[in-house]
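Participant: Compute the structure for the input listed below.
(2 chains)
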Amino acid sequence: MEDTNELIAQRRQKLESLKDEGINPYPNDFRPDTLSAELVSRFTELDKEALTSVTESFSLAGRIMSKRVMGKASFVHIMDRKGRLQVFVKRDLIGEEAYSRFKKYDIGDFIGITGRIFKTNVGELSIEAAELRLLVKSLRPLPEKWHGLTDQETRYRQRYVDLIVNPGVKELFKKRSRFINVVRDCLIERDYLEVETPMMQPIPGGATAKPFVTHHNALGMDLYLRIAPELYLKRLVVGGIERVFEINRNFRNEGISQQHNPEFTMLEFYQAYATYDDLMDIIEDMVSRAAMEINGSCKVEYQGETIDLSPKWTRMTVKEAILKHSDASESVLSDRKKAFDYAKKIGLEPEERWGLGKILTEIFDEVAEHKLIQPTFITQYPTEVSPLSRKNDDNPDIVDRFELFITGREMANAFSELNDPIDQKERFNLQVAEKDAGDEEAHFMDEDYIRALEYGMPPTAGAGLGIDRLVMLLTNSASIRDVLFFPHMRPEEGRKTITDEEKKH
RNA sequence: GAGCCGCUAGCUCAGUAGGUAGAGCACCUGACUUUUAAUCAGGUGGUCGUCGGUUCGAUCCCGACGCGGCUCACCA
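Facilitator: Numbering: from 1, shown residues only, chains lettered A, B, ... in the order given. All right, here's what the predicted structure looks like:
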């Protein structure tokens, strides 16, 4: 990391010579009183002539993004959090000493300017520096002004540079923030309470996934990074928080891809005296409102497809989806043997211990999931693959559950919650048997969760929404890495991870 | 985890049928008081991802490794 090229050496030398002159290269006593965008919105409509009567002085701070020296006058563009503005620096105005110092400032340095506003001969609104100070000396050169930074790896690893030189990046992350705000608004206006529950859990639950393990030294015990907040949020419903949600990270010890990062952000929300039907309405509202807020339309372009997010969305059962998107006959849907054979026929590797429900789910994933481009709620999941969901009153083989698919990807999972403690215990026992049989993703037994249910959980429905994937959709991003500031990357310099040997110290 | 592709100056990229590497931007020196990819003149800058092999000689050919991108597998 201690690379020293000529350009860095030159800047360090400039830093030293500034210090020799008695100048603090990192002061913190400059207070800008305006922003680039404020000046633009106030004055951009006025012409050159009209601006000559504006004598007010403004203070502005920002990073130098370009610099053009023309002898005894110069132009720089500075960038602050709202945009860019041109600064005109004239020797006659700031004085000979300040001007010759200014000529040594580099692109990337921060400066503070005080002066009046005017328009140049070609009509660009600019601030004329009456005073100019260095606020920060930058020691590393920025990528070039024309092509910018395009190397994906560097953009992810050095997001700070990406943010400086690629303006779209900041815009994207502002959209991400606004999306989360809309989600929060939708729930808070329905009287939900936002909470935080443990990320380090002795028993990881609430999803079928492989957890990360960590260790608590003082307690001498392993802990798991949570794969879902579900069981804790439902404990809160037991406790009387009838409408509750959490937006935060989950951690899953699985592969990395364009759709998967080891840590990702989920919304989970639970509402007592509601069914999964009610949650469909909330999710439709949330996502369509967010689309309007972010893109001004319920129609979004995603990787060449137009997705229409206007409510109401298509609703279809798992079995209907299989029939629609494959050549499976109706008998496959109710006959385990036929389902098993059909699964093999389409290239799956069903296991002997799988029941009809699990097989049908796998068939659905294979044939239908990637075809669900427009928003679609898939309902009536098999009980076998839904250990936390409430059974359907008319058919115990299915549960009152839906998943939401958009662009062929799962965006949300929701169900009426299982609140029968005896049924829940039996389902946990089945999961434990799965685990003993080698399924690393099967649930653990959670005795305390059963105890909580035994006190009584009101009839409740709950949902989980993949925030990152929805942000991808709304920003037309192909990779989850584009919607995370710091996506997970291997260490830069070789495989310098902490070894077991080093861990002992 | 598997396959394919990539890694050359700070950035964006050329290139060498194997003979010590180029451009633009950036940077340095000089000129220039309304420019805007400013302009003009001159200049600096590279263990060509790492290690090994073949060769008189490797950035180029071969192998291993590292990192990344894409595809597939698992998953949300």
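Participant: Tell me the spacing between A:R409 and A:V54.
Facilitator: Computed with C-beta to C-beta, to the nearest Å, the distance linking A:R409 and A:V54 is 53 Å. C-beta coordinates here come from the backbone N, C-alpha and C atoms, glycine included.
Participant: So for the two, which residue has more residues nearby?
Facilitator: Comparing A:R409 with A:V54 by neighbour count (other C-beta atoms under 10 Å), the higher total belongs to A:R409, at 17 against 14.
Participant: pretty sure the more buried one is touching A:Q259, no?
Facilitator: Yes - using C-beta atoms under 8 Å, A:R409 and A:Q259 qualify as a contacting pair, with a distance of 6.5 Å.
Participant: Now for the two: what residues contact both?
Facilitator: Common contacts of A:R409 and A:Q259 (C-beta atoms under 8 Å, 6 or more residues apart in numbering): A:R469.
Participant: gap between the nearest residue to A:V483 once chain neighbours are set aside and A:S479?
Facilitator: Nearest-residue entry for A:V483: A:V471, 4.4 Å, with adjacent residues in sequence omitted and distances by C-beta to C-beta, 6 or more residues apart in numbering. Separation of A:V471 from A:S479 (C-beta to C-beta) stands at 12 Å.
Participant: more neighbours, these two?
Facilitator: Set side by side, A:V471 and A:S479 show more neighbours around A:V471, with 25 against 15, by other C-beta under 10 Å.
Participant: Next, that one: secondary structure please.
Facilitator: Secondary structure of A:V471, reduced to three states by DSSP: H, G, I helix; E, B strand; the rest coil: helix.
Participant: quick one: A:R155 and A:V165 touch, right?
Facilitator: No - in terms of C-beta under 8 Å, A:R155 does not count as a neighbour of A:V165; the distance is 9.5 Å.
Participant: higher neighbour count, these two?
Facilitator: In terms of neighbours (other C-beta under 10 Å), A:R155 is the more surrounded of A:R155 and A:V165; the figures are 21 against 18.
Participant: The more buried one and A:N166, how far apart?
Facilitator: 7 Å.
Participant: Could you tell me which residues touch both of these two?
Facilitator: Common contacts of A:R155 and A:N166, defined by C-beta under 8 Å, 6+ apart, comprise A:L149.
Participant: Show me the domain layout of chain A.
Facilitator: Split into domains by automatic domain parsing, chain A comes to A:4-146, A:164-325+A:368-492.
Participant: Deepest-packed of the ones you listed, please.
Facilitator: Mean neighbour counts were taken over the domains of chain A using mean count of other C-beta atoms under 10 Å, and the top value, a mean of 18, falls to domain A:164-325+A:368-492.
Participant: give the contact list for the residue in the stretch 301-450 of chain A that RNA strand B sits nearest to.
Facilitator: Closest approach between the stretch 301-450 of chain A and RNA strand B, counting by C-beta to the nearest atom of the strand: A:E410, at 3.0 Å. With contacts taken as C-beta under 8 Å, 6+ apart, A:E410 has the following neighbours: A:369, A:403-404, A:466, A:469.
Participant: Could you provide these in CSV, with additional columns for pLDDT?
Facilitator: Formatted as CSV, the contacts of A:E410 follow (pLDDT from 0 to 100):
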residue, pLDDT
A:E369, 91
A:E403, 95
A:L404, 96
A:G466, 95
A:R469, 95
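Participant: what are the ranges of the strands in the stretch 301-450 of chain A?
Facilitator: Under the criterion DSSP state E, counting those that start in this stretch, the stretch 301-450 of chain A carries strands at the ranges A:305-308, A:314-317, A:376-379, A:401-406, A:409-416.
Participant: Strand A:401-406 and the longest one, what's the angle between them?
Facilitator: Counting by axes from the mean of the first three to the mean of the last three C-alpha atoms, to 10 degrees, strand A:409-416 lies at 160 degrees to strand A:401-406.
Participant: ok now strand A:409-416, how far from the chain's centre?
Facilitator: Centroid separation for strand A:409-416 versus its chain: 18 Å, with C-alpha atoms, centre = their mean, to the nearest Å.
Participant: That one pairs with which strands, and in what direction?
Facilitator: Partner strands for strand A:409-416, per DSSP bridges, with pairing direction: strand A:401-406 (antiparallel), strand A:460-466 (antiparallel).
Participant: try the third one
Facilitator: When pairs are called by DSSP bridges, strand A:376-379 turns out to pair with strand A:314-317 (parallel), strand A:401-406 (antiparallel).
Participant: Format the ones you listed as a markdown table; extra columns: distance to RNA strand B.
Facilitator: Putting the strands paired with strand A:376-379 into a markdown table (distance: least, C-beta to the nearest atom of the strand, whole Å) gives the following:
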| stretch | distance to RNA strand B |
| --- | --- |
| strand A:314-317 | 17 |
| strand A:401-406 | 8 |
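Participant: A:K19: which of those is closest?
Facilitator: Across the strands paired with strand A:376-379, the minimum distance to A:K19, taken as C-beta to C-beta, is reached by strand A:401-406, at 56.5 Å.
Participant: And the contacts of that closest one?
Facilitator: Residues outside strand A:401-406 that contact it (C-beta under 8 Å, 6+ apart) are A:276, A:279-280, A:283, A:307, A:309, A:313, A:315, A:369, A:372-381, A:386, A:389, A:410-416, A:473.
Participant: 6 Å - rerun?
Facilitator: When contacts are taken as C-beta atoms under 6 Å, 6 or more residues apart in numbering, the neighbours of strand A:401-406 outside the stretch itself are A:276, A:372, A:375-379, A:381, A:386, A:389, A:410-415.
Participant: Quick one: mean pLDDT over stretch A:490-505.
Facilitator: Averaged over stretch A:490-505, pLDDT sits at 48.
Participant: Ok, stretch A:149-169 next?
Facilitator: The model assigns stretch A:149-169 a mean pLDDT of 93.
Participant: And RNA strand B, is that stretch touching that?
Facilitator: Yes - legend: contact between stretch A:149-169 and RNA strand B by C-beta under 7 Å from any atom of the strand is shown at A:149-154, A:156.
Participant: among those residues, which are in helices?
Facilitator: A:152-154, A:156 (DSSP state H).
Participant: Would you mind giving the residues you listed as a markdown table with distance to A:L233 and neighbour count added?
Facilitator: Conversion of these to a markdown table gives the following (distance: C-beta to C-beta, whole Å; neighbours: other C-beta atoms under 10 Å):
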| residue | distance to A:L233 | neighbour count |
| --- | --- | --- |
| A:Q152 | 36 | 12 |
| A:E153 | 37 | 9 |
| A:T154 | 39 | 13 |
| A:Y156 | 32 | 18 |
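Participant: What residues does the stretch 51-200 of chain A have near RNA strand B?
Facilitator: Taking C-beta under 7 Å from any atom of the strand as the contact definition, the stretch 51-200 of chain A meets RNA strand B at A:66-73, A:75, A:77, A:86, A:88, A:90-92, A:104, A:106-107, A:118, A:120-124, A:126, A:140-141, A:143-154, A:156.
Participant: measure A:V300 to RNA strand B for me?
Facilitator: 19 Å (C-beta to the nearest atom of the strand, to the nearest Å).
Participant: Around RNA strand B, which positions in the stretch 251-400 of chain A sit nearby?
Facilitator: Proximity of the stretch 251-400 of chain A to RNA strand B is confined to A:252, A:254-255, A:257-262, A:264, A:365 under the rule C-beta under 7 Å from any atom of the strand.
Participant: Those: which two are farthest apart?
Facilitator: Spatial extent of those (C-beta to C-beta) is set by the pair A:P262 and A:D365 at 21.8 Å.
Participant: name the element A:H77 belongs to?
Facilitator: Assigned by DSSP states H and E, A:H77 belongs to strand A:73-80.
Participant: average model confidence for that strand?
Facilitator: Averaged across strand A:73-80, the pLDDT comes to 97.
Participant: Great, nothing more from me.
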